[in-house]
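Student: generate a structure from the sequence data that follows.
(one chain, ligands or ions: 1)
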Amino acid sequence: MRVVHTKQQLRKALKELRSAGGSVGLVPTMGYLHEGHISLIRRARQENDVVVVSVFVNPAQFGPNEDLNAYPRDTQGDLKLMQGEKTDLAFLPRAEELYPDGYATYVELNGRMTQVLCGVSRPGHFRGVATVVTKLFNIVSPDRAYFGQKDAQQVSVIKKMVRDLDFNITIVACPTVREADGLAMSSRNSYLTAAQRAQAPVIARALFEARDRITAGERCSASLVDLIKERITTIDNATLDYVSIIDADDMSDIETIIGPTLIAVAVKLGRTRLIDNIRIEV
Ligand code: AMP
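Tutor: Numbers count the residues shown, from 1 in each chain. Below is the predicted model of the structure:
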């Protein structure tokens, strides 16, 4: 595995790796890798000749009062895991490498896709995500890029951006990897106290319960939203950001559940913001 820190080094290394021909898969991450990230790298490894993993805690996607400085980091641990998954190239740029002084260009998506769910409480977040992903796409020119369904809105935003900006890149959405008790794996789970960690699986359980109710015939999204809210209020010091039941494709609100449906939740446990979702095909 080659470890590179600059765009120039990355392009040079990629040119050599590409000279044999074959496809390139990119896995963009913010590091502090866990089994969720690993599942993306494995999928990329299966489907491509060259696998590039980026680790970059992207300042542009954090709001002024968010956890940019506290975000967990473990470069050595990350490199070890990447190597274990036969990553070809690890790209670990510094912030100045991607956003040098005077940096001024951003990618912004209009419309409801970035204005609902996390777009409400995290203004500017998807602008930061779309910008850094565009930059990574331009630097790496992958054939495929791998994203987790855990960040379902992010997947929708990236897919839309790829269509709108004519990127010739296939976006591969990978299933959410969970802890044994259901909690969706996240680098931010490391912020949780033992007591919060013990209660956090309530979120996933509430989603699973809603799914079971749908399987049993429930079609009213308002009653399912009420059910999930009720379960989440049982968590100590939990502040609900949103529970939304939306069309999984266009992210419009739905009253009666029919077709591909996304149930998405964001909750703050103390100061830690957790998100989770499930996709249901009715
Ligand atoms: P992050 O480092 O949190 O920005 O995540 C990097 C990529 O890994 C994103 O595409 C995430 O959606 C994906 N990811 C994070 N957690 C999980 C998970 N538990 N299961 C599957 N993919 C995940």
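Student: so where do the helices sit in the stretch 151-282 of the chain?
Tutor: Using DSSP state H, counting those that start in this stretch, the helices of the stretch 151-282 of the chain run over 152-164, 194-199, 201-215, 221-232.
Student: of the ones you listed, which approaches the ligand most closely?
Tutor: With C-beta to the nearest ligand atom, the closest approach to the ligand among these belongs to helix 152-164: 6.2 Å. C-beta coordinates here come from the backbone N, C-alpha and C atoms, glycine included.
Student: what residues does the stretch 1-150 of the chain have near the ligand?
Tutor: In this structure, the stretch 1-150 of the chain approaches the ligand at residues 29-30, 36-37, 39-40, 147-148, 150, judged by C-beta under 6 Å from any ligand atom.
Student: output those residues as TSV; include the columns pLDDT.
Tutor: Listed next are these as TSV, based on pLDDT from 0 to 100:
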residue	pLDDT
29	98
30	98
36	98
37	98
39	99
40	99
147	99
148	98
150	98
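Student: now restrict the residues you listed to buried residues only.
Tutor: Buried members of these, counted by 16 or more other C-beta atoms under 10 Å: 29-30, 36-37, 39-40, 147-148, 150.
Student: these: which two are farthest apart?
Tutor: Using C-beta to C-beta, those reach their maximum pairwise distance at 30 and 39, which is 15.8 Å.
Student: surely residue 162 and residue 171 touch.
Tutor: Yes. Residue 162 lies in contact with residue 171 (C-beta atoms under 8 Å); the separation is 5.8 Å.
Student: please parse this protein into its domains.
Tutor: 2-174, 187-276 (automatic domain parsing).
Student: so can I have CSV of those showing distance to residue 180?
Tutor: As requested, the domains of the chain are arranged in CSV below (distance: least, C-beta to C-beta, whole Å):
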stretch, distance to residue 180
domain 2-174, 11
domain 187-276, 9
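Student: can you put the helices of the stretch 151-282 of the chain in CSV and add distance to residue 92?
Tutor: What follows is the helices of the stretch 151-282 of the chain, written out as CSV (distance: least, C-beta to C-beta, whole Å):
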stretch, distance to residue 92
helix 152-164, 21
helix 194-199, 29
helix 201-215, 31
helix 221-232, 36
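Student: what is the neighbour count of residue 149?
Tutor: 18 (other C-beta atoms under 10 Å).
Student: swap that for residue 259, please
Tutor: Neighbours of residue 259 (other C-beta under 10 Å): 12.
Student: got the contact list for it?
Tutor: Neighbouring residues of residue 259 by C-beta atoms under 8 Å, 6 or more residues apart in numbering: 247-248, 281-282.
Student: if you set the cut-off to 7 Å instead, what comes out?
Tutor: Neighbouring residues of residue 259 by C-beta atoms under 7 Å, 6 or more residues apart in numbering: 247, 282.
Student: residue 144 now?
Tutor: With C-beta under 7 Å, 6+ apart, residue 144 has these contacts: 23, 25, 47-48, 169-170, 172.
Student: how about a cut-off of 6 Å?
Tutor: Going by C-beta atoms under 6 Å, 6 or more residues apart in numbering, residue 144 touches 25, 170, 172.
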